[in-house]
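Enquirer: pasting the structure only:
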Ligand SMILES: Nc1ncnc2c1ncn2[C@@H]1O[C@H](COP(=O)(O)OP(=O)(O)OP(=O)(O)O)[C@@H](O)[C@H]1O
């Protein structure tokens, strides 16, 4: 186990700034997932931690020791890639133990480590096979075995499951989670799959254009996104963002959607407003997740709005309905047992205790 601090890391490729001042403080035993769109810099950050890339400025500290000038092999880090990079001519046994042999680890120690890891990953029966005689999931397990056997301070995973089919992915995801629970190792894990990120991470760092947009628990990332980017990136379908004006009225906060006479009362307890807002209107996005729109008034915080149903997408266990709300598109998610008519004016409820508000100019959470 180890701590990992990333202090103000910048990285350029030629004139392109790929990492623009990254700060992360990763605790003992934390499972941090780096999540973000393609090209946002996730792998570059991981490779910089591993020492495969050199940053232009900033520091990387493992257990409070600066490792900037340390070779990758001296950092006591194990890396698992999406391409398993197993040696094709070697047996599974040799693939797993090769690194230890190179380090002149005593034979008995190697045997014990191989035994422990094979049992843990359930690859004992595969030890005499070559990689070509293994399935994708088995290969991934061997690649993990090779990393685990070294007992490193930190594990780095770069999209380790992306070559596997959907079913195997879910199985391996569970295995990685179990492994983390059992071993309590510090892990940094790169993915662009949000379900993987949500289910694995103790914390998730959302990256965009070389910046960390938000680093928080999966629950907070989903329920309290700090910016329009995070709100839009997480969730499928993503959060509805209804444009309008926010103003103070007596002791209440009211949201007025563009083009509508609705005055949606916001439960004030959830929000702290800046002074500048006292006497003005703020151009705002009201964010509401599709699953927080209901046919019934499920609690006193529900506010009824008129919507027109336009499109229905049936997915099996649920249905996604696209509505028109005075020219703005709003999506709702409902159990598949509901009968929903299309091209119909309907009255639905939005649960105002579940909304997020964003300043339209700064795109930040209010
Ligand atoms: N060796 C390199 N030389 C020049 N540009 C590079 C190099 N490696 C990465 N880049 C660029 O840096 C940016 C970040 O790449 P990186 O691989 O870190 O993104 P990523 O978030 O991991 O993306 P993906 O999810 O697609 O793997 C991209 O625009 C990429 O083209």
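Expert: Looks like it came in fine. Just so you know, these numbers come straight off a predicted model, no measurement behind them.
Enquirer: list the contacts for residue 282?
Expert: By Cβ atoms under 8 Å, 6 or more residues apart in numbering, the residues touching residue 282 are 245-247, 359-360, 366. No exception for glycine: its C-beta is placed from N, CA and C like everyone else's.
Enquirer: Now do the same for the nearest residue to residue 99 once chain neighbours are set aside: helix, strand or coil?
Expert: For residue 99, ignoring the flanking residues on the chain, the nearest one in space by Cβ to Cβ, 6 or more residues apart in numbering is residue 150 at 6.0 Å. Under DSSP: H, G, I helix; E, B strand; the rest coil, the three-state class of residue 150 is coil.
Enquirer: Among the contacts of residue 282, which one has the most neighbours?
Expert: Counting neighbours by other Cβ atoms under 10 Å, the top entry in these is residue 246, with 25 neighbours.
Enquirer: residues touching that one, list them.
Expert: Taking Cβ under 8 Å, 6+ apart as the definition, contacts of residue 246 comprise 253-256, 266, 277, 281-284, 357, 366.
Enquirer: Shouldn't residue 73 be within a helix?
Expert: Yes: under three-state DSSP, residue 73 falls within a helix.
Enquirer: mind checking how far it is from the ligand?
Expert: 21 Å (Cβ to the nearest ligand atom, to the nearest Å).
Enquirer: ok, that residue - contacts?
Expert: By Cβ under 8 Å, 6+ apart, residue 73 has no neighbours at all.
Enquirer: can you count the residues close to the residue of the stretch 151-300 of the chain found nearest the ligand?
Expert: Proximity of the stretch 151-300 of the chain to the ligand (Cβ to the nearest ligand atom) peaks at residue 192, 4.8 Å away. The number of residues packed near residue 192 is 17, by other Cβ under 10 Å.
Enquirer: Next one: it from residue 356, what distance?
Expert: For residue 192, the distance to residue 356 equals 23 Å [Cβ to Cβ, to the nearest Å].
Enquirer: same deal with residue 143?
Expert: Taking Cβ to Cβ, one finds residue 143 at 39 Å from residue 356.
Enquirer: Name the single longest helix found in this structure.
Expert: Looking across the chain with DSSP state H, the single longest helix is helix 166-183.
Enquirer: in that one, what counts as buried?
Expert: By 16 or more other Cβ atoms under 10 Å, the buried positions in helix 166-183 come out as 168-169, 172-173, 175-176, 179-180.
Enquirer: need these in TSV with pLDDT and distance to residue 125, can you?
Expert: Converted to TSV, the buried residues of helix 166-183 look like this (pLDDT from 0 to 100; distance: Cβ to Cβ, whole Å):
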residue	pLDDT	distance to residue 125
168	79	18
169	84	23
172	83	18
173	89	23
175	84	16
176	87	21
179	85	19
180	91	24
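Enquirer: list the buried ones in stretch 43-54?
Expert: 43-51, 53.
Enquirer: neighbouring contacts of it?
Expert: 4, 6, 9, 11, 18-19, 22, 34, 55, 60, 67, 70-72, 75, 77, 79, 154, 156, 158, 188, 190, 207.
Enquirer: Now, the residues you listed that are in strands?
Expert: Among these, the members falling in strands (DSSP state E) are 4, 6, 9, 11, 18-19, 22, 34, 60, 77, 79, 154, 156, 158, 188, 190, 207.
Enquirer: What are the neighbouring residues in contact with residue 208?
Expert: 36-37, 40, 229, 233.
Enquirer: And for residue 357?
Expert: Residue 357 touches 246, 255, 266, 271, 284-287, 365-366, counting by Cβ under 8 Å, 6+ apart.
Enquirer: on that earlier part again, in a markdown table: the buried residues of helix 166-183, plus distance to residue 307.
Expert: As requested, the buried residues of helix 166-183 are exported to a markdown table (distance: Cβ to Cβ, whole Å):
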| residue | distance to residue 307 |
| --- | --- |
| 168 | 40 |
| 169 | 36 |
| 172 | 41 |
| 173 | 36 |
| 175 | 43 |
| 176 | 41 |
| 179 | 46 |
| 180 | 43 |
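Enquirer: Take those residues and lay them out in TSV including distance to the ligand.
Expert: Output for those, formatted as TSV (distance: Cβ to the nearest ligand atom, whole Å):
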residue	distance to the ligand
168	20
169	16
172	19
173	18
175	23
176	18
179	23
180	22
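Enquirer: Which of those sits closest to residue 319?
Expert: Using Cβ to Cβ, residue 169 comes nearest to residue 319 of the buried residues of helix 166-183, at 25.0 Å.
Enquirer: Run through the residues that contact the closest one.
Expert: So residue 169 contacts 161, 196 (Cβ under 8 Å, 6+ apart).
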